[in-house]
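S.K.: missing the sequence, but the structure's below:
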């Protein structure tokens, strides 16, 4: 897989220098407060018909529609990730979160569809985003049915998520729900970027299981800026947006870490293996070691707190192009728009 260009966000050592690259980028937080979201967004697009307001690259602007049907056969190894129980359940925990989580994303973005010009670029991207998320929901439900057949507490964990979401909808405004979505889309985007840039992460994994994660990573990369752009368009002035999104990210991160950890523990208990400290140590090293997943995505996570942050500054066009070509070679094709 092609290496990231020096001008892009990369991961590993020297993260502070790379984060400074964001701060040297042209500012995109100069939009006025939005008393009337629909009127403001219409004016914004009339003034910027080239959609250049964020100084964005075009590597992810093409949000493609695909309709894959993955097969989750029972002969797939139970611990499909290199026979590693904890890392397998790390991915499985994410899959359990996705159907309800992505439904929340869809609902939060859809609430603002009427505020966007129907013939604008962002409205078209939102439509493609909704299509991709609906496909993710369908495929991860199929994935999760396989987990349920293994005896994993899928229904119980989804019930917990459902209660959390119902509480969130009661107490959080539509704008705050959209902000939470943008925060979580940042998580999926930085993890997806790492999975695409380093295909060796799935070396030794079952090919059929690796395929769904690569597909999902490509689509998360393609639509990584949509929720953020809707938030920018309808979230008010720059200072208000910055305060909301940085505070929200801290809260979302705390909840996300707790929930993901709890899900993994519940899956380990269902495996009757929660007391295997060696496997927990392996997971810890896989996440936090020198080449760990968290270690390598931390710089991009921190970039969220720059006032000049935009999701499209993460990633590399060559990496996405190569991943798309590999996906097409595997038979996952683009659907007609």
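M.R.: Cool, the structure landed. Because the structure is predicted, anything quoted here is derived from the model rather than measured. Numbers count the residues shown, from 1 in each chain.

S.K.: alpha carbons only for contacts and neighbour counts from here, please
M.R.: Fine.

S.K.: now do the helices in the chain.
M.R.: 15-23, 37-47, 85-110, 121-149, 154-171, 174-197, 207-222, 226-234, 238-270, 277-288, 293-303, 317-329 (DSSP state H).

S.K.: so for residue 69, which of these sits nearest?
M.R.: helix 121-149 (7.0 Å; Cα to Cα).

S.K.: next one: that closest one to chain centre, how far?
M.R.: Put simply, helix 121-149 sits 12 Å off its chain's centre (Cα atoms, centre = their mean, to the nearest Å).

S.K.: next, the angle from that helix to helix 207-222.
M.R.: Put simply, helix 121-149 runs at 160 degrees to helix 207-222, going by axes from the mean of the first three to the mean of the last three Cα atoms, to 10 degrees.

S.K.: need the helices of the chain in JSON lines (columns: mean pLDDT).
M.R.: Shown next, in JSON lines, are the helices of the chain (pLDDT from 0 to 100):
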{"stretch": "helix 15-23", "mean pLDDT": "42"}
{"stretch": "helix 37-47", "mean pLDDT": "37"}
{"stretch": "helix 85-110", "mean pLDDT": "98"}
{"stretch": "helix 121-149", "mean pLDDT": "97"}
{"stretch": "helix 154-171", "mean pLDDT": "97"}
{"stretch": "helix 174-197", "mean pLDDT": "98"}
{"stretch": "helix 207-222", "mean pLDDT": "97"}
{"stretch": "helix 226-234", "mean pLDDT": "97"}
{"stretch": "helix 238-270", "mean pLDDT": "98"}
{"stretch": "helix 277-288", "mean pLDDT": "97"}
{"stretch": "helix 293-303", "mean pLDDT": "98"}
{"stretch": "helix 317-329", "mean pLDDT": "92"}
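
S.K.: for these, could you give me CSV that also reports distance to residue 71 and mean neighbour count?
M.R.: Listed next are those as CSV, based on distance: least, Cα to Cα, whole Å; neighbours: other Cα atoms under 10 Å:
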stretch, distance to residue 71, mean neighbour count
helix 15-23, 39, 16
helix 37-47, 42, 16
helix 85-110, 15, 20
helix 121-149, 8, 19
helix 154-171, 19, 13
helix 174-197, 21, 23
helix 207-222, 8, 21
helix 226-234, 29, 23
helix 238-270, 22, 16
helix 277-288, 27, 15
helix 293-303, 27, 20
helix 317-329, 16, 17
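
S.K.: quick one, which of these is nearest to residue 62?
M.R.: It's helix 207-222; of these, that one is closest to residue 62 (Cα to Cα) at 6.6 Å.

S.K.: list the contacts of the closest one.
M.R.: The contact list for helix 207-222, computed with Cα atoms under 8 Å, 6 or more residues apart in numbering, reads 59-64, 70-72, 80, 132, 136, 185, 188-189, 191-193, 195-196, 202, 320, 323-324, 327.

S.K.: got the angle for that helix vs helix 174-197?
M.R.: Going by the same axes, to 10 degrees, helix 207-222 makes 130 degrees with helix 174-197.

S.K.: so which of the helices of the chain comes closest to residue 310?
M.R.: Taking Cα to Cα, helix 226-234 is the member of these nearest to residue 310, at 7.9 Å.

S.K.: and that closest one, what does it pack onto?
M.R.: helix 37-47, helix 121-149, helix 174-197 (3 or more Cα pairs under 8 Å, 6 or more residues apart in numbering; DSSP states H and E).

S.K.: tell me which of these lies nearest to residue 114.
M.R.: Nearest of the helices and strands packed on helix 226-234 (Cα to Cα): helix 37-47, 7.2 Å.

S.K.: closest one to residue 299 among the helices and strands packed on helix 226-234?
M.R.: Across the helices and strands packed on helix 226-234, closest to residue 299 is helix 174-197 (Cα to Cα), at 9.5 Å.

S.K.: and the closest one, how far out from the chain's middle?
M.R.: The answer for helix 174-197 is 4 Å, by Cα atoms, centre = their mean.

S.K.: what's the angle between that helix and helix 238-270?
M.R.: Using the same axes, to 10 degrees: helix 174-197 against helix 238-270 is 60 degrees.

S.K.: now for helix 174-197, which elements pack on it?
M.R.: Under the contact definition 3+ Cα pairs under 8 Å, 6+ apart, helix 174-197 sits against helix 85-110, helix 207-222, helix 226-234, helix 238-270, helix 293-303, helix 317-329.

S.K.: let me have the ones you listed in CSV, adding distance to residue 121 as columns.
M.R.: Formatted as CSV, the helices and strands packed on helix 174-197 follow (distance: least, Cα to Cα, whole Å):
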stretch, distance to residue 121
helix 85-110, 15
helix 207-222, 14
helix 226-234, 11
helix 238-270, 21
helix 293-303, 25
helix 317-329, 20
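
S.K.: right, and those helices - which one's nearest residue 116?
M.R.: When these are ranked by distance to residue 116, counting by Cα to Cα, first place goes to helix 226-234 at 8.3 Å.

S.K.: tell me who's in contact with residue 250.
M.R.: For residue 250, the contact set (Cα under 8 Å, 6+ apart) is empty.

S.K.: residue 125 reaches residue 63, doesn't it?
M.R.: Yes. Counting by Cα atoms under 8 Å, residue 125 does reach residue 63; the two are 6.8 Å apart.
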